[in-house]
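**Q** Below is the sequence, then the predicted model.
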Amino acid sequence: MVGEEVILNCSVDSRDPASDIEEVSWKRTDQDILVLLYQDSEVLSDSSHDNYRGRVEFFITEIPKGNFSLKLKDVRLEDKGEFLCEVHTRNLSARTTVVLQRLGFSGFHIWILVLCFCVVLISVGLGVLIFILQRKEDSSGGVVKLHASLIICPNILMCAAFIAWSTEGTLAEIVTCSVVSIIRPLMLVKTSPYLRRFPSLCCAVVVAVLASVFGALCVHYVNEHMGNKKDGKGYMALTALLHVSAATSLFKHPDDLPNIPHCVIYIFGAVGLNTVNSIALVLELCLKAGSGARTVEDLRVIVLPSETLFIAGWLVLQIYGVCVAIRHRRKGGQGRTVCQVHQEMEGLSDTVL
């Protein structure tokens, strides 16, 4: 079971004294990496590959008896595969293989599946309902509450799913994908057709809570996983930049936007992005459980391009809104100028008369 311990058996003839054993090594045959090495009567833990350092050990008291079984702790999905035990003594060499397979899901994995299912269910369900009400031009208070639920709930659940992925993903992958999920409500509030119907105090509280909670999570994960490494300060700076960028996105909402493109971009951000991310995370988890290896090396290659597409679409709409506003202003200015000319002409004629 993933997350538990497993023992990989390997032993030599007990009639050979331990002093005759020159080297015992455990390796992954499918990845050609060293798992653990025993050499010159000493266990060389530092020789282990990064994926296994701190997770493997010999039974020290059993070594004099020729027992070099390997204890593998905190089993992961990528541990699935073939392990090779090689023993070299003064007189002979021998090897044996152990295949680790049928790894079940851990509690974190089941939690990820449940969260992703809830994200898709809430996003698609509320998205379809809102789209129908949008077609009917319903702007009641209930519709505004549905928009608020669609903006907040799925993204918080998606953020939690990415945090649970910390058992399998890299720190950079987890932090980036989680940040994108938790700050997406800020962008969705901006793109919502009912932005002016949302209470200002409610929006301010949501922004403050989301930024504060995830800021604390970022600091915790960076300190826990990065320690004193030089990349730690870089991640702290990135977190601050993302929070500031998210807050500055709440500028004035454009007045003149085409309804259909506006609705499409909003639904894509609120429903499409969470659905894509949930499916990608579930597929990656299931494929890794089957093969023991990552299919997509970094989920950021899925999360970030789709997010960029959403923001780029909104940017195009904003530019369009600015162009329309400028055009209206020019027309209005020209109209006022003509009126002023007529008034001046009428005043002049009255004076002459």
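**A** Nice, thanks for sending it over. The structure displayed is predicted, hence computed values, not measured ones. Numbers count the residues shown, from 1 in each chain.
**Q** going forward, measure contacts and count neighbours with C-alpha atoms only.
**A** Will do.
**Q** E42: how many residues sit nearby?
**A** Using other C-alpha atoms under 10 Å, E42 has 11 neighbouring residues.
**Q** Quick check: bridge partners of E23?
**A** When assigned by DSSP bridges, E23 has beta-bridge partners Q39, H88.
**Q** and the spatially most central residue of the chain, what is it in contact with?
**A** In the chain, the centroid-proximal residue (C-alpha atoms, centre = their mean) is C177; its distance is 2.4 Å. Contacts for C177 (C-alpha atoms under 8 Å, 6 or more residues apart in numbering) come out as 159, 162, 299-300, 303-304.
**Q** Let's see that with 10 Å instead.
**A** Applying C-alpha atoms under 10 Å, 6 or more residues apart in numbering, we find C177 in contact with 158-159, 161-163, 277, 299-300, 302-304.
**Q** of these, closest to F68?
**A** Nearest to F68, judged by C-alpha to C-alpha, of the contacts of C177 is I163 at 36.6 Å.
**Q** Okay, buried residues for the strand or helix carrying that closest one please.
**A** Under the criterion of DSSP states H and E, I163 resides in helix 141-164. Neighbour-count burial for helix 141-164, counted by 16 or more other C-alpha atoms under 10 Å, picks out 143-144, 147-148, 150-152, 154-164.
**Q** low-confidence ranges in the stretch 201-350 of the chain?
**A** 201-256, 291-292, 322, 332-350 (pLDDT under 70).
**Q** rewinding a little: could you give the mean pLDDT of the next helix or strand after the helix holding I163?
**A** Past helix 141-164, further along toward the C-terminus, the next helix or strand under DSSP H and E is helix 171-191. Averaged over helix 171-191, pLDDT sits at 80.
**Q** again, but for stretch 67-79
**A** 82.
**Q** What helices and strands are in contact with the helix holding I163?
**A** helix 107-135, helix 171-191, helix 200-226, helix 259-267, helix 273-291 (3 or more C-alpha pairs under 10 Å, 6 or more residues apart in numbering; DSSP states H and E).
**Q** Which elements pack onto the first one?
**A** Just to be clear, that refers to helix 107-135. Counting contacts by 3+ C-alpha pairs under 10 Å, 6+ apart, helix 107-135 packs against helix 141-164, helix 259-267, helix 273-291.
**Q** before we move on, the earlier item: now do the helix holding I163 against helix 107-135, angle only.
**A** Here the directions of helix 141-164 and helix 107-135 differ by 160 degrees (axes from the mean of the first three to the mean of the last three C-alpha atoms, to 10 degrees).
**Q** Please export the C-alpha coordinates of helix 141-164 as PDB.
**A** Presented in PDB, the C-alpha positions along helix 141-164 are these (Å, rounded to 0.1, in the frame of the first residue of the first chain):
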ATOM      1  CA  GLY A 141     -30.200  37.700  -6.000                       C
ATOM      2  CA  GLY A 142     -30.200  33.900  -6.300                       C
ATOM      3  CA  VAL A 143     -28.200  34.100  -9.600                       C
ATOM      4  CA  VAL A 144     -25.600  36.300  -7.900                       C
ATOM      5  CA  LYS A 145     -25.300  33.700  -5.100                       C
ATOM      6  CA  LEU A 146     -24.800  31.000  -7.700                       C
ATOM      7  CA  HIS A 147     -22.000  33.000  -9.400                       C
ATOM      8  CA  ALA A 148     -20.300  33.500  -6.000                       C
ATOM      9  CA  SER A 149     -20.500  29.700  -5.300                       C
ATOM     10  CA  LEU A 150     -19.100  28.900  -8.800                       C
ATOM     11  CA  ILE A 151     -16.300  31.400  -8.300                       C
ATOM     12  CA  ILE A 152     -15.200  30.300  -4.800                       C
ATOM     13  CA  CYS A 153     -16.000  26.600  -4.100                       C
ATOM     14  CA  PRO A 154     -14.500  24.700  -7.000                       C
ATOM     15  CA  ASN A 155     -11.200  26.700  -6.800                       C
ATOM     16  CA  ILE A 156     -10.800  26.100  -3.100                       C
ATOM     17  CA  LEU A 157     -11.300  22.400  -3.600                       C
ATOM     18  CA  MET A 158      -8.900  22.300  -6.600                       C
ATOM     19  CA  CYS A 159      -6.300  24.000  -4.500                       C
ATOM     20  CA  ALA A 160      -6.800  21.400  -1.800                       C
ATOM     21  CA  ALA A 161      -6.400  18.600  -4.400                       C
ATOM     22  CA  PHE A 162      -3.100  20.100  -5.600                       C
ATOM     23  CA  ILE A 163      -1.800  20.400  -2.000                       C
ATOM     24  CA  ALA A 164      -2.700  16.700  -1.500                       C
END
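**Q** and that helix, how far out from the chain's middle?
**A** 15 Å (C-alpha atoms, centre = their mean, to the nearest Å).
**Q** T96 reaches C10, doesn't it?
**A** Yes - proximity of T96 to C10 meets the contact threshold set by C-alpha atoms under 10 Å, at 7.2 Å.
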